[in-house]
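A.B. asks: Predicted model follows, preceded by the sequence.
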Amino acid sequence: MDYQNVDKLTSAFHDFTQVIDKFEKTYNLLQDRIDSLNKQLENKNIELEKKVEESENIKNFLNNILDNVHTGVLSIDMSGNINLFNKAAEMITGFDKEEVINKAYRKVFYQESRQDSKSAIYTLSTGKESFKRQKQILTYNSEKKNVEFSTSIVHNYKGEPDGVVETFVDISEIKELQDRISHIETLAALGEMSANVAHEIRNPLAAISGFSGLLDRQIPLEDPKKKLIKPIIEGVNRLNNIVSNLLTLTRPQTLNISECDINKTINELIDFFKMGIADSNKQIDFITNLDKNNIMLNCDGQLIQQVLSNIIRNAWEAIESNGSITISTKVNILEPMSDVLDEDEIRELIRLFSFIEIQIEDTGSGIDEDRLHKIFNPFFSTKNEGNGLGLAICKKFIQLHKGDIHVSNKVDKGTRFTISLPLFENFNE
């Protein structure tokens, strides 16, 4: 073999060995770099998983807040389709979330009268937001509800409009209270005027009563004129009763507070009415479902007895021949569930939210629905000979005790009166 070729081969092998060494070093460097990148990628993946988990937790937390607030929240996209609908919105409107998502806002909340100027659609169309405006909506059951709402434009990460969010609350009860306050103010003005009129009537009424009584005593029994005096005396007594009731309704009343056994009072009234029924042609059963607790209530016993007597009498008169009157009492004492309150706060909560509920139900003819809301109005009566002041006075006496009274028709037939009275009210404060 030629030495020159051997040297070339040796040199080529040496160069090849150096290249292999370089490749090996480069490979090791690349492998280290790959290992480092893999480790970094693994760390990034762990961080990303944590970020995703954290993002999901935040999303779930926000969704939980959204679903548990008492304000209805919905949002629409740029096409006017609903893409968010929380639980409060479901409760207020009666629509299920699954029924409205991806549906057009207008189709869900269709109104006979155009109200686009008072909705999220108006904000979407004009870019003008609304704040605490009011409107009526139709619920799933076609019930009209008054709501107070606000609308805001939603922007994406680029700052471009991405839809509209509308928040709303049901203010139907507030509207009803406002109407009741307005009605009460009207009645108060009427009551003040009626009190002045009643005082003016009472003076000549006393004179008529005195002179008619004098004539009655002076005219002999056999005189035909004596029959003319009787209707005068009866009319005067009736007018005097109306005037007395009217003054009771309008003038300030002072409560004579003492401990009163409600169950005992009810049983005594039932015994009294049973004696009256024995002298009539009616067959009326009294059914009691009284709370087993010893219910001692701080109240004006005479006024509460007058209220119960009036309502039981109305129930008795509503039954034509055969029927029943059911009287129930139930004690509701608040039991605070939180340990964060101190003893004074717990006592105050128990005082504010503990009450006795008295229900008086009859099987009479009931009351027409369109007249039911007028039942406590002065001079409104369902009786031919009633003056319409009895229940108005009952309501005044219950409100003086910081309680409430409601009337409703029973599902089958008859009327139910429900009285709520605070158990631990301090009337000396």
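C.D. replies: Thanks, I have it. Just so it is clear, the structure is predicted and the values come from calculations on it, not from any experiment. Residues are numbered from 1 along each chain as shown.

A.B. asks: make it CA atoms for all contacts and neighbour counts henceforth
C.D. replies: OK.

A.B. asks: G163 contacts I82, doesn't it?
C.D. replies: No - using C-alpha atoms under 8 Å, G163 makes no contact with I82, being 9.6 Å away.

A.B. asks: give me the element I358 is part of.
C.D. replies: Assigned by DSSP states H and E, I358 belongs to strand 355-362.

A.B. asks: mind checking how far the helix or strand just after that strand is from the chain centre?
C.D. replies: Moving toward the C-terminus from strand 355-362, the next helix or strand (DSSP H and E) is helix 369-372. On the basis of C-alpha atoms, centre = their mean, to the nearest Å, helix 369-372 is displaced by 21 Å from the centre of the chain it belongs to.

A.B. asks: And helix 369-372, what does it pack against?
C.D. replies: strand 404-409 (3 or more C-alpha pairs under 8 Å, 6 or more residues apart in numbering; DSSP states H and E).

A.B. asks: Just give me how far the strand it packs on sits from the chain centre.
C.D. replies: 15 Å.

A.B. asks: Sheet-wise, list the partners of it with their directions.
C.D. replies: Applying DSSP bridges, strand 404-409 is found paired with strand 415-422 (antiparallel).

A.B. asks: what is the orientation angle of the partner strand with strand 355-362?
C.D. replies: Per axes from the mean of the first three to the mean of the last three C-alpha atoms, to 10 degrees, the angle that strand 415-422 makes with strand 355-362 is 170 degrees.

A.B. asks: which non-adjacent residue is nearest E90?
C.D. replies: Excluding the flanking residues, the one nearest E90 by C-alpha to C-alpha, 6 or more residues apart in numbering is D96, at 5.7 Å.

A.B. asks: Local confidence estimate at that neighbour?
C.D. replies: In this model, D96 is scored at 90, pLDDT.

A.B. asks: what are the ranges of the helices in this structure?
C.D. replies: 3-68, 87-93, 97-100, 105-108, 120-126, 172-218, 226-250, 262-278, 301-318, 343-353, 369-372, 390-400 (DSSP state H).

A.B. asks: helices or strands up against the last one?
C.D. replies: Under the contact criterion of 3+ C-alpha pairs under 8 Å, 6+ apart, helix 390-400 touches helix 226-250, helix 301-318, strand 404-409.

A.B. asks: what packs against the first one?
C.D. replies: Using 3+ C-alpha pairs under 8 Å, 6+ apart as the contact criterion, the neighbours of helix 226-250 among helices and strands are helix 172-218, helix 390-400.

A.B. asks: Compute the inter-axis angle for it and helix 172-218.
C.D. replies: Going by the same axes, to 10 degrees, helix 226-250 makes 150 degrees with helix 172-218.

A.B. asks: any idea how far helix 226-250 is from the chain center?
C.D. replies: 42 Å.

A.B. asks: Would you map out the domains in this structure?
C.D. replies: What automatic domain parsing lists as the domains of the chain is 1-68, 72-170, 176-250, 258-422.

A.B. asks: In CSV, list those along with mean neighbour count.
C.D. replies: Shown next, in CSV, are the domains of the chain (neighbours: other C-alpha atoms under 10 Å):
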stretch, mean neighbour count
domain 1-68, 12
domain 72-170, 17
domain 176-250, 14
domain 258-422, 16
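
A.B. asks: The residue nearest to K87 when sequence neighbours are not counted and K97, how far apart?
C.D. replies: The shortest distance from K87 to any non-neighbouring residue, by C-alpha to C-alpha, 6+ apart, is to D67 (5.1 Å). To K97, D67 is 11 Å away according to C-alpha to C-alpha, to the nearest Å.

A.B. asks: Residues in contact with both of these two, list them for me.
C.D. replies: 86-87 (C-alpha atoms under 8 Å, 6 or more residues apart in numbering).

A.B. asks: Got the confidence number for N83?
C.D. replies: Value for N83, per-residue pLDDT: 90.

A.B. asks: pretty sure it is touching A104, no?
C.D. replies: No - using C-alpha under 8 Å, N83 is not in contact with A104, being 9.6 Å away.

A.B. asks: low-confidence ranges in the stretch 251-400 of the chain?
C.D. replies: 277-279, 336-342, 380, 382-388 (pLDDT under 70).

A.B. asks: ok, back up a step: can you tell which of the helices of the chain is closest to L423?
C.D. replies: helix 343-353 (7.2 Å; C-alpha to C-alpha).

A.B. asks: same for that closest one, what does it pack against?
C.D. replies: Using 3+ C-alpha pairs under 8 Å, 6+ apart: helix 343-353 touches strand 415-422.

A.B. asks: Tell me how far N196 lies from R202.
C.D. replies: 10 Å.

A.B. asks: again with F95
C.D. replies: Taken as C-alpha to C-alpha, the span from F95 to R202 is 59 Å.

A.B. asks: Mind listing residues that contact stretch 401-419?
C.D. replies: 299, 311, 315, 357-367, 369, 372, 395, 398, 420-422.

A.B. asks: tell me how far the ends of that stretch are from each other?
C.D. replies: Stretch 401-419: ends 11 Å apart by C-alpha to C-alpha.

A.B. asks: Show the average pLDDT along that stretch.
C.D. replies: Mean predicted lDDT for stretch 401-419 stands at 84.

A.B. asks: chain center to that stretch: distance?
C.D. replies: 16 Å.

A.B. asks: What confidence value was assigned to the spatially most central residue of the chain?
C.D. replies: Computing the C-alpha centroid of the chain and ranking residues by C-alpha atoms, centre = their mean puts E173 first, at 6.3 Å. On pLDDT, E173 comes in at 81.

A.B. asks: go on, Q218?
C.D. replies: At Q218, pLDDT is 81.
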